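[1] This is a predicted model, with the sequence first.
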Amino acid sequence: MATALNVEAAGESMMGLIRELYPICRSITGDGVRETLRIVSQRIPLEVHEVATGTPVFDWTVPKEWNVRDAWVKDARGEKVIDFRKSNLHLVGYSTPIHRKVSREELFAHLHTLPDRPRAIPYRNSFYSENWGFCLEHDALERLREPEYEVCIDSSLTDGHLTYGEVLIAGELPDEVFVWTHLCHPSLCNDNLSGIALSTELARSLLGTKPRHTHRFVFAPATIGAITWLAVNEPVARRMVAGLVLAGVGDAGQPHYIRSRRGDALVDRAFLATLEGTRRPYGQLDFSPYGYDQRQFCSPGFDLPVGCLMRTPNGRYPEYHTSGDDLAFVGPAHLADSLAIVTSALAVVDGNRSYLNLNPKCEPQLGRRGLYEAIGGRGCESDTELALLWVLNFSDGRHSLLDIAERSKIAFPSVQKAAHALEACGLLRASDERGPSS
Amino acid sequence: MATALNVEAAGESMMGLIRELYPICRSITGDGVRETLRIVSQRIPLEVHEVATGTPVFDWTVPKEWNVRDAWVKDARGEKVIDFRKSNLHLVGYSTPIHRKVSREELFAHLHTLPDRPRAIPYRNSFYSENWGFCLEHDALERLREPEYEVCIDSSLTDGHLTYGEVLIAGELPDEVFVWTHLCHPSLCNDNLSGIALSTELARSLLGTKPRHTHRFVFAPATIGAITWLAVNEPVARRMVAGLVLAGVGDAGQPHYIRSRRGDALVDRAFLATLEGTRRPYGQLDFSPYGYDQRQFCSPGFDLPVGCLMRTPNGRYPEYHTSGDDLAFVGPAHLADSLAIVTSALAVVDGNRSYLNLNPKCEPQLGRRGLYEAIGGRGCESDTELALLWVLNFSDGRHSLLDIAERSKIAFPSVQKAAHALEACGLLRASDERGPSS
Amino acid sequence: MATALNVEAAGESMMGLIRELYPICRSITGDGVRETLRIVSQRIPLEVHEVATGTPVFDWTVPKEWNVRDAWVKDARGEKVIDFRKSNLHLVGYSTPIHRKVSREELFAHLHTLPDRPRAIPYRNSFYSENWGFCLEHDALERLREPEYEVCIDSSLTDGHLTYGEVLIAGELPDEVFVWTHLCHPSLCNDNLSGIALSTELARSLLGTKPRHTHRFVFAPATIGAITWLAVNEPVARRMVAGLVLAGVGDAGQPHYIRSRRGDALVDRAFLATLEGTRRPYGQLDFSPYGYDQRQFCSPGFDLPVGCLMRTPNGRYPEYHTSGDDLAFVGPAHLADSLAIVTSALAVVDGNRSYLNLNPKCEPQLGRRGLYEAIGGRGCESDTELALLWVLNFSDGRHSLLDIAERSKIAFPSVQKAAHALEACGLLRASDERGPSS
């Protein structure tokens, strides 16, 4: 496990990446995505993929690429009353180009505000219905009293590409652990620069190691990106033994884990054992077909073992999808805490194996192997001794180390250590050739 | 669902039928049963069946038919101290004829009272042991101080028939939904004129409709009636996909549902989902071999999926099987509430189907089919959209609409509506030929 | 069930045996074990087995036999400051012989005390590591201030035997119910003279009876004794339908039952139904590979259906494995209560059978067989009638009497009595040839 110093350094490193990515205007396509991937690739060796507009992907089609240079609304005096350059949230995503005077009434039909949170700019988009619009503070809208405004959106919707990035860390096995992060949101820190930062930091920590499973990290737009990735990578997806969607992992709330559709996949059990082991409050949610991209990975034609880690669940904090989700809303300690959870849980996923007790009739004599204390009668074994006894008793070909950790309530790393000690003295051998996939 | 006005009208209609049936002296056979069925048949087209005395029915035999013209006990002055014409509960059911003077001691050996409820007349019978007797208020018994009384029971026990009535509403499928009501009790309103009234009203509401399943309503005596019906109708019983015993559905207590012996039959899940959906308190009980006629339908040689709806469970209210179960003990609002529950639950039974998502890999693009709103980012889907996503995700050949409603906690009618919308645009097709039977 | 008088007599009888066995110095081998078995065999006809030193038993070897004649520590004035004759707990079990002067420092390296309980002598042993040592009160240790002491342990560690005793009570079936008690502890009353006494009393109560299952009682040393017994008796162990380890059954605490590794074996269900039926507080624990000899019987190569009955769990009372576990720590009433629980639970194990309802379609007419009251309408059946209905309904070839008792919450003896009554009138027949083994 990371030391305290490393944790702090990791938190600051993730926060630094978030600060760097925050100003960029991202969407589901376009140069903002490419710039984001370029900055991430300064930390980990990303392979960037481009899928052309018009490519059919299951029931969908890769959309036109959207880019925007500027956007504003001016009043009669030529003053910008809404200015994209101040916040890229002001512009509805995928707004079509326009430059003309419009009546106050027409303008208002294209404005989006949050009357309940009058000082926040909402995040809105119109990916699949050609339209234009602006988002602004409700207080600002109430100041727009002139009969006519000049509207300019200098955007383009053209044939181009959908862009995503991947990094693959080869393991001993071809079976894959999969970490997915969406990167299509503009200046929103928790959703989902936090996910990008955590995924980047985690991938970086695995570089140069040789885990048991191959680990794949993908950074791609939500929904259409997940659908596109699955359409292009179906054989890869079938090799997935565990998958995780990372989103909203930087806020101050408690960690929340959403189970995969299967509900008891290895990834689910690994995260819940890890969260339980923190002895701090956490939430768990059953799979719902509404949520982040697990809804695509868990569609019935795939039903992949993909869970999701968040802190406060999406939609349950007022800053969600508004300008309130800014640099102050996330923090390095929360990011580091989320990273520690993911690291521990994926260590369970990677380290879970099944062993066979080679001396299954009665206990073996641990004392003569130096694994048991000499003076008896005290009536309480040490945790190390208990872990040995649990591993021996349940290494019967039907229980994995995680099963044993769950049943004994001993932390997974202790159970794993006991198994290694028993294997070293020939009392146990691994009975899984490829590792349990769920 | 019924409108408020209809509910009120239905409640009054049921109460009216109860008032009409209340004075009749019913038993497990005899003219009281026939008169009851005649009155019910003014509302729904009953087919009346007669099974002859002596017919063997499994371990039992159809008993002699019992009819009674009058019954009384007179004192020395010739005054009636017990009078059947004042309440048919005064006479023990199936009392044999007698007309002679008896000592106070002999009379008392044939009297039944409730010392704990001294002003209530108990309901007693002696169907399978030839005997005679009277039931009376304990207070009245204490006034009987003369040494001798004249007893008259002008009854007959003769070869005749056991009578029951049925109405069949043909559905698209031969598989049957079965509603059973016992009609053997004399002047007791909740047990079970309430059941007769609810069953009649429900059957009437289905007349002229074409439900998916065929619906069969039976009005018959308890125990021997159920045994006789099963002996005569065994092939019919085997077509039952869901069955319900209705009894005690008019009192002010909370609704209670008793699960079938199987415990998780479709009818059980439909009633419990419906009761849960009322967001009002209710009770649920596991099957017990003691209770109403479900004990016959759920005997191990049949093990039919038959549950029971009551309000306050039998035996748990002091008026049970006494003269206190009178017209004031039941009410139109309680009857209407029970009717609404049964109507909703049987709509689940009839409407539960399994569908197959024809686009199972990733979500289909609902927006271009007009099923999803155009502006994204709000972060909360409408209930309609959520129901669509749930139905799509779980229509995998292993989940029925009721499964989806239970898992999503969305009301069954909304789930059903979503399935119909998706079927209409070709994204779903029904995958069950006959509908799930449990 | 035993009458109150018998219970009292049984409690006193067990207490008498404990008093007789208390002074003997027992260990895992040696004459103390033989003397203990000789005294037990005055009550029940024990067969004594001897297994030679050096015999390989799975991963272990039968150790040398240890006997001790005397042991003490004397100060400069020749006064015994530690004296084995005052308490055999003073000597570490399996201490090697020694007779010489040792420095205070050397002596202290061989002394064991409980600083937290300064007036108690701990129980310690060194079975598998040749060593010597004394146990004493921590207060006494603090009085040892001289620079040198004379140490004498007149013990022998020689080739000999491991000794255990058995009594077999033949039943109708070769399948065995197994009761195991460890007898290796020196002067400790609850752990485990209480187990020896209960097992002896229970075996005595079965002498001359013909239970359905054969019952085997074994009195043997813990751990190495269990391993040796299993190595020698593997085919016998495979005939076990239910097994029980008895230990610590005489203290004032609540009864606690530890489930077998299987968790839902017949013995587990029988004990838990019995404890539940006492309507007094009790504890239940899941199997753990740490505990009494069930850890050997439940090792994965055997996985036998063996549970454990204790009162206060081992290690959870301060007197555990100290001189505080003396004659005052156990009592005849607690012993008798434990005996009553074991007797009832093993009666469930022995009496559990499956029956087939020979009249499975509808209820049979119990009234004409004298099993049901004549006057109907009361609305509450007697417990006897309810038990008849439950047995009839669930004797479908898939439920045993214990299943029915658990589901109906009717006490097992009442369910069993109902089955016998129904069998007697031809409505039921036993459907198991050998009895369910779990």
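    Right, received. Where do you want to start?

[2] excluding its backbone neighbours, what's nearest A:Arg262?
    The shortest distance from A:Arg262 to any non-neighbouring residue, by Cβ to Cβ, 6 or more residues apart in numbering or on different chains, is to A:Pro305 (5.8 Å). From N, CA and C alone the C-beta is placed, and that goes for glycine too.

[3] mind listing what the one you found touches?
    Contact analysis of A:Pro305 by Cβ atoms under 8 Å, 6 or more residues apart in numbering or on different chains lists A:Met240, A:Val241, A:Ala242, A:Gly243, A:Ser260, A:Arg262, A:Ala265, A:Leu266, A:Val267, A:Asp268, A:Ser437, A:Ser438.

[4] can you do 10 Å?
    Residues in contact with A:Pro305, defined by Cβ atoms under 10 Å, 6 or more residues apart in numbering or on different chains, are A:178, A:240-244, A:259-268, A:297-298, A:349, A:437-438.

[5] What parts of the stretch 151-300 of chain A come near chain B?
    A:185, A:191, A:222-224, A:226-231, A:234, A:237, A:261, A:286-291, A:293, A:295-300 (Cβ under 10 Å from any Cβ of the partner chain).

[6] Next one: the residue nearest to A:Arg262 from A:Ala405, what distance?
    In this view, A:Pro305 and A:Ala405 are 19 Å apart by Cβ to Cβ, to the nearest Å.

[7] which residues touch A:Ile24?
    Per Cβ under 10 Å, 6+ apart, neighbours of A:Ile24: A:Asp31, A:Gly32, A:Val33, A:Arg34, A:Glu35, A:Thr36, A:Ile39, A:Asn88, A:Leu183, A:Pro186, A:Ser187, A:Leu193.

[8] wait, what's in contact with the closest residue to chain B within the stretch 201-350 of chain A?
    Here the residue of the stretch 201-350 of chain A nearest chain B is A:Gly301; by Cβ to the nearest Cβ that distance is 3.2 Å. Shown in contact with A:Gly301 (Cβ under 10 Å, 6+ apart): A:Phe58, A:Leu230, A:Glu234, B:Asn357, B:Asn359, B:Pro360, B:Lys361, B:Cys362, B:Asp396.

[9] how about the last one, phi and psi?
    When you say that, I think you mean B:Asp396. B:Asp396 adopts backbone torsions of phi -120, psi 20, taken as degrees, to the nearest 10.

[10] In contact with the residue lying closest to it once chain neighbours are set aside: list those residues for me.
    Nearest non-adjacent residue to B:Asp396, counting by Cβ to Cβ, 6+ apart: A:Pro300, 3.8 Å away. Residues counted as contacts of A:Pro300 (Cβ under 10 Å, 6+ apart) are A:261, A:289, B:356-357, B:359-361, B:392-399.

[11] What is the burial count for A:His399?
    As a burial measure, A:His399 scores 19 neighbours (other Cβ atoms under 10 Å in any protein chain shown).

[12] Would you mind giving both backbone torsions of the residue nearest in space to the middle of chain A?
    By Cα atoms, centre = their mean, the mean C-alpha position of chain A lies nearest to A:Leu246, the distance being 1.0 Å. The phi/psi pair for A:Leu246 (degrees, to the nearest 10) reads phi -110, psi 120.

[13] buried ones in the longest helix along chain A?
    Criterion DSSP state H: the longest helix present in chain A is helix A:332-351. Residues of helix A:332-351 classed as buried by neighbour count (16 or more other Cβ atoms under 10 Å in any protein chain shown): A:332, A:334-351.

[14] List the buried residues in the helix or strand bottoming out on mean pLDDT in chain A.
    Within chain A, no helix or strand scores below helix A:4-21, which has a mean of 91 by mean pLDDT, DSSP states H and E. Neighbour-count burial for helix A:4-21 flags A:Val7, A:Ala10, A:Gly11, A:Ser13, A:Met14, A:Met15, A:Leu17, A:Ile18, A:Leu21 (criterion: 16+ other Cβ under 10 Å).

[15] Likewise for stretch A:216-223?
    A:Arg216, A:Phe217, A:Val218, A:Phe219, A:Ala220, A:Pro221, A:Ala222, A:Thr223.

[16] Get me the contact residues on the stretch 1-150 of chain A for chain B.
    A:57-61, A:89, A:92-94, A:112, A:114, A:122-131, A:133, A:135.

[17] Filter those residues down to the buried ones.
    Burial by neighbour count, judged by 16+ other Cβ under 10 Å, picks out A:57-61, A:89, A:92-94, A:112, A:114, A:122-128, A:133, A:135 from the residues of the stretch 1-150 of chain A next to chain B.
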